[in-house]
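[1] Structural data only, the sequence is not supplied:
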């Protein structure tokens, strides 16, 4: 039993992941940049809502109120975040373990995908490690949604392949589950790309089928069930996004220049050999350091070359499909450096809705690793033992890499590594290492791995040496890259000390002036990203930018009314209101949001104020704010939270109509004698859809359990047949 546990991929991959990313496992260092300024604080807000017994629909702490459930990258509908939130009060440590969870399952998923293509355990383990610790993963750790996308992609492709070949409706449902997880927890552009990958693979199987009519009859009902199940599981997220997208600038589409931002530079192709060299600050690679790593292991690269040269090796149509697909996505990842991205932008649906073409390295690496499976399988089975080309490829790679190292070593203008002897700070020395120096640092590791593979290539009886060599190679690659793209230089304890997260879930605001909360500067801001989120004050922070601010609010920020309105407290009685309907000018590039070039105000009936009985906020939560008002106070009450479909106002239990007040906020008329005012965020469509999806989840869970027991019974029956000698 113990041997079965420790040899399971569900044990091997998590353990290896924790060892490779040891600074995160042991909480020594913290993630940085986008991970710390967006993905982590958003998760704490989601966790607070869930642990408060609420759906994570709204947060009052981001830019004067923000619909978390509509933000495609927030993860408000991500079951993994819900799971962590239910288990613990979401902390920075939980944030790290969530990342390790995604990376581990990326390897597990690719392992089982390789097994589906007929790989033995050693080959599947090797390629699982190559995918799990590929350049895309190590580059994209700061973008949590990209890592979770890489986690789900192999599982989606696995069950989709089974749907196309086994015609099991259970596999179609599992594909739907994977797509749901990618849709709610992954990067939006990678969900779109996954759709194109599945469409292309489905068409490949259709045109490869001997009887296309029979194939269509058997698969179309499965596809229909797949789409229906996905829609039911994702219904609350779909409705949330549908409400949100028309209200943000990005919902109108992006310009070609914006869509082409952050490509993978063609010269970054050198990263397939030495990814650490690509991380140098001063190189000819005019691209983001987070969008240029294509590494998937030096040994898989040997098999890729062998696949392409293919002497005496027959390449199947499916392998050609993978190779061509990898090439297409690689060219798309070049963005403006190649015409294909521009063509896709104008021709293919949704290609104008996302940027960072460098992220398309993920499907390129994914398909390249799938393409080498047949050759690796043949080598593992011994059929390529006497192939003379394999040692020649290994030797040629070693010679070329060593020759390039000698060339750049003698081409240096200064003595290599001279900073080491100057007594400089190690972190500063690391940052100053040049392309050449980084290449020469990684070169010995690569040469040793290739040499050991050269010596062991004929001995396929010990296939797990292959896995150990791949693991050693990928471990060194991760260690080289990690200080650049994964962790910061400050200790985790230092980061936690600066987060200043209020232990209360929803501390009551003092109803002070918003202007006092809206400006934050200093080193602590640069560390935490947004002080407002961690101190939990209602306000506006210009430094913290969500993936898409509400257009009407963006227009408010650019208006002369901003400072005037921010001088008011969170909740106040107004004598005058700035009214959007009196303004006709439009902001360029914004669809519906007016731009305020001057103040247009509506004079109200003088509000009654009482200094002895001030307006007091008595309750605040994710989706609710309650206040008490003296009976002598009346007029137009303004709440500085963005007006958004789904908000309802109640005065002494009776619903009141909400108007737009002061451009983007909520206003309601308060008659004399009122005492209790409640603002409740209750988007009926979304809440109803949530309960519908719960029933869909329940049905899917029953199906999964039934299918699991059925497969176990079949497995036991087959073992009994083998033991009895029946054929």
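    Alright, I've got the coordinates. None of the values given here were measured: they were computed from a predicted structure.
[2] quick one: furthest residue from the center of this protein?
    The outermost residue of the chain, judged against the average C-alpha position, is residue 632 (51.7 Å), by Cα atoms, centre = their mean.
[3] That one - that's part of a strand, no?
    No: judged by DSSP: H, G, I helix; E, B strand; the rest coil, residue 632 forms no part of a strand; its state is coil.
[4] Residue 631: how many residues sit nearby?
    Residues within reach of residue 631, counting by other Cβ atoms under 10 Å, total 12. Every residue, glycine included, has its C-beta placed from N, CA and C.
[5] Ramachandran angles for it?
    phi -60, psi -20 (degrees, to the nearest 10).
[6] before we move on, the earlier item: let me know the distance separating the residue farthest from the centre of the chain from residue 626.
    Shown here: residue 632 relative to residue 626, a distance of 19 Å by Cβ to Cβ, to the nearest Å.
[7] what ranges do the strands span in the stretch 451-600 of the chain?
    487-491, 571-574, 576-578 (DSSP state E, counting those that start in this stretch).
[8] Which of the residues in the longest one are classified as buried?
    The neighbour-count check on strand 487-491 (16 or more other Cβ atoms under 10 Å) flags 487, 488 as buried.
[9] Given that strand, what are its sheet partners and their directions?
    In the sheet, strand 487-491 lines up against strand 29-31 (antiparallel) (DSSP bridges).
[10] So for the partner strand, mean pLDDT?
    Mean pLDDT, strand 29-31: 92.
[11] for stretch 241-255, same thing?
    Across stretch 241-255, the average pLDDT comes to 83.
[12] quick one: terminal-to-terminal distance for it?
    Using Cα to Cα, to the nearest Å, one end of stretch 241-255 lies 21 Å from the other.
[13] Looking at the strands of the stretch 451-600 of the chain, spot the one closest to residue 4.
    Nearest of the strands of the stretch 451-600 of the chain to residue 4, taken as Cβ to Cβ: strand 487-491 at 34.6 Å.
[14] what's the following helix or strand after the longest strand anywhere in the chain?
    The residue-count maximum for a strand in the chain (DSSP state E) belongs to strand 635-642. Where DSSP states H and E defines the elements, the next helix or strand beyond strand 635-642 is strand 647-651.
[15] what's the angle between the longest strand of the chain and strand 647-651?
    Angle between the axes of strand 635-642 and strand 647-651 is 150 degrees (criterion: axes from the mean of the first three to the mean of the last three Cα atoms, to 10 degrees).
[16] strands paired with strand 635-642, and their directions?
    strand 571-574 (antiparallel), strand 665-670 (antiparallel).
[17] residues making contact with it?
    Strand 635-642 has contacts (Cβ atoms under 8 Å, 6 or more residues apart in numbering) with 60, 63-66, 514, 538, 550, 552-553, 565, 568-575, 577, 604-608, 615, 625, 629, 647, 661-662, 664-670, 677, 679.
[18] What mean pLDDT does that strand get?
    Taken as a whole, strand 635-642 has a mean pLDDT of 91.
[19] Of all the residues in that strand, which ones are buried?
    Quick answer for strand 635-642 (16+ other Cβ under 10 Å): 635, 636, 637, 638, 639, 640, 641, 642.
[20] Now for those residues: which two are most distant?
    Longest span within the buried residues of strand 635-642, Cβ to Cβ: 635 and 642, 21.4 Å.
[21] Hmm, residue 307 and residue 315 touching each other?
    Yes: at 6.9 Å, residue 315 counts as touching residue 307 under the criterion of Cβ atoms under 8 Å.
[22] Between the two, which contacts overlap?
    In contact with both residue 315 and residue 307: 323, 374, using Cβ under 8 Å, 6+ apart.
[23] which one of the two has more residues nearby?
    Between residue 315 and residue 307, residue 307 has the larger neighbour count (other Cβ under 10 Å), namely 20 against 15.
[24] show me what contacts the more buried one?
    Residue 307 touches 313, 315, 319, 323, 371, 372, 374, 375, counting by Cβ under 8 Å, 6+ apart.
[25] burial measure for the third one, as a count.
    If I follow you right, that is residue 319. Counted with other Cβ under 10 Å, residue 319 comes out at 21.
[26] what's the following helix or strand after the helix or strand harbouring it?
    Residue 319 belongs to helix 317-333 when assigned by DSSP H and E. Reading on from helix 317-333 to the C-terminus, the next helix or strand found by DSSP H and E is helix 339-347.
[27] Buried residues of that next one, list them for me.
    Residues of helix 339-347 classed as buried: 340, 341, 344, 345 (neighbour count, 16+ other Cβ under 10 Å).
[28] list the buried ones in stretch 249-267?
    249, 250, 254, 259, 260, 261, 263, 264, 265.
[29] export the residues you listed to a markdown table and tack on secondary structure and distance to residue 334?
    Formatted as a markdown table, the buried residues of stretch 249-267 follow (DSSP: H, G, I helix; E, B strand; the rest coil; distance: Cβ to Cβ, whole Å):
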| residue | secondary structure | distance to residue 334 |
| --- | --- | --- |
| 249 | helix | 26 |
| 250 | helix | 23 |
| 254 | coil | 18 |
| 259 | helix | 13 |
| 260 | coil | 9 |
| 261 | coil | 13 |
| 263 | coil | 5 |
| 264 | coil | 6 |
| 265 | coil | 8 |
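[30] low-scoring stretches of the stretch 601-727 of the chain, by residue?
    Within the stretch 601-727 of the chain, the segments meeting pLDDT under 70 span 601-613, 711-727.
[31] What segments of it are strands?
    Under DSSP E, counting those that start in this stretch, the stretch 601-727 of the chain gives strands at 601-603, 616-621, 624-628, 635-642, 647-651, 654-656, 659-661, 665-670, 676-681.
[32] what's the closest of the ones you listed to residue 33?
    Of all those, strand 635-642 sits nearest to residue 33, with 27.0 Å by Cβ to Cβ.
[33] Ok, which of the strands paired with strand 635-642 comes nearest residue 36?
    Nearest of the strands paired with strand 635-642 (Cβ to Cβ): strand 665-670, 29.7 Å.
[34] That closest one to strand 676-681, inter-axis angle?
    Going by the same axes, to 10 degrees, strand 665-670 makes 150 degrees with strand 676-681.
[35] Contacts made by strand 665-670 with the rest, please.
    Contacts of strand 665-670 (Cβ under 8 Å, 6+ apart): 64, 565, 573-574, 577, 629, 633-643, 647, 649, 651, 656-661, 677, 679.
[36] Whichever strand or helix holds residue 127 - contacts with which helices or strands?
    Element membership of residue 127, judged by DSSP H and E, is helix 121-132. On a contact count with 3 or more Cβ pairs under 8 Å, 6 or more residues apart in numbering; DSSP states H and E, helix 121-132 meets helix 9-20, helix 92-116, helix 298-309, helix 361-371, helix 373-380, helix 464-485.
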